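Colleague: Fold the following and give me the result.
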Amino acid sequence: MQGKLAELKWREQEPAHSYASRLAAHYACSSVKEFLSDFDINNYRFAAGEDFEVEALATLTGTDQDLLRLATPKTKAGTFAFGSEKFSLYYSRRKRIAACVECIGEDINGHRDTLPEAAAYLRQP
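Modeller: Next up is the predicted model:
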């Protein structure tokens, strides 16, 4: 099944879960979990950023495994790792997301070619 889902390309620095979410929507799956289970990718381990599961998605889509792994956060033994940086989960806010709207706007305006659909998250109801 290598490279079979290559029509929806991975975007530079996009985490694996974000990419899987776009793929799930593209293929009309009701959830990322449903999409991953269709290809025997363990959702729990995938969400934790485990290499084997992230590599399975990379193989399935023809994406560079090393780049996808580097862009994907990992949780392991009370730590959160993003690239070469490690943080304690004790100090991580995981229940509620907080962000500066101006900072996000600057990021989107400065990198329109990377994740243009992120603008939807800035829209107020």
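
Colleague: care to break the chain down by domain?
Modeller: 1-92, 95-125 (automatic domain parsing).

Colleague: Alpha carbons of the helix or strand of the chain with the lowest mean pLDDT, as PDB, please.
Modeller: Ranked by mean pLDDT, DSSP states H and E, the weakest helix or strand in the chain is helix 101-110, scoring a mean of 72. The C-alpha coordinates for helix 101-110 follow below in PDB (Å, rounded to 0.1, in the frame of the first residue of the first chain):
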ATOM      1  CA  VAL A 101      -4.800  35.800  18.200                       C
ATOM      2  CA  GLU A 102      -2.400  38.500  16.900                       C
ATOM      3  CA  CYS A 103       0.500  36.100  17.000                       C
ATOM      4  CA  ILE A 104      -1.400  33.400  15.100                       C
ATOM      5  CA  GLY A 105      -2.500  36.000  12.600                       C
ATOM      6  CA  GLU A 106       1.200  37.100  12.000                       C
ATOM      7  CA  ASP A 107       2.200  33.400  11.600                       C
ATOM      8  CA  ILE A 108      -0.600  32.800   9.000                       C
ATOM      9  CA  ASN A 109       0.100  36.000   7.100                       C
ATOM     10  CA  GLY A 110       3.900  35.300   7.100                       C
END
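
Colleague: how far out from the middle of the chain is that helix?
Modeller: Centroid displacement of helix 101-110 relative to its chain, using Cα atoms, centre = their mean, to the nearest Å, is 19 Å.

Colleague: ok so, going back, looking at the domains of the chain, which has the lowest confidence?
Modeller: For these, mean pLDDT drops lowest on domain 95-125, to a mean of 60.

Colleague: And the strands in the protein?
Modeller: If you assign secondary structure with DSSP state E, the strands in the chain sit at 74-76, 79-82, 85-88.

Colleague: so can I have a markdown table of those showing mean neighbour count?
Modeller: In this view, the C-beta of every residue, glycine as well, is placed from N, C-alpha and C. Below are those laid out as a markdown table (neighbours: other Cβ atoms under 10 Å):
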| stretch | mean neighbour count |
| --- | --- |
| strand 74-76 | 15 |
| strand 79-82 | 15 |
| strand 85-88 | 10 |
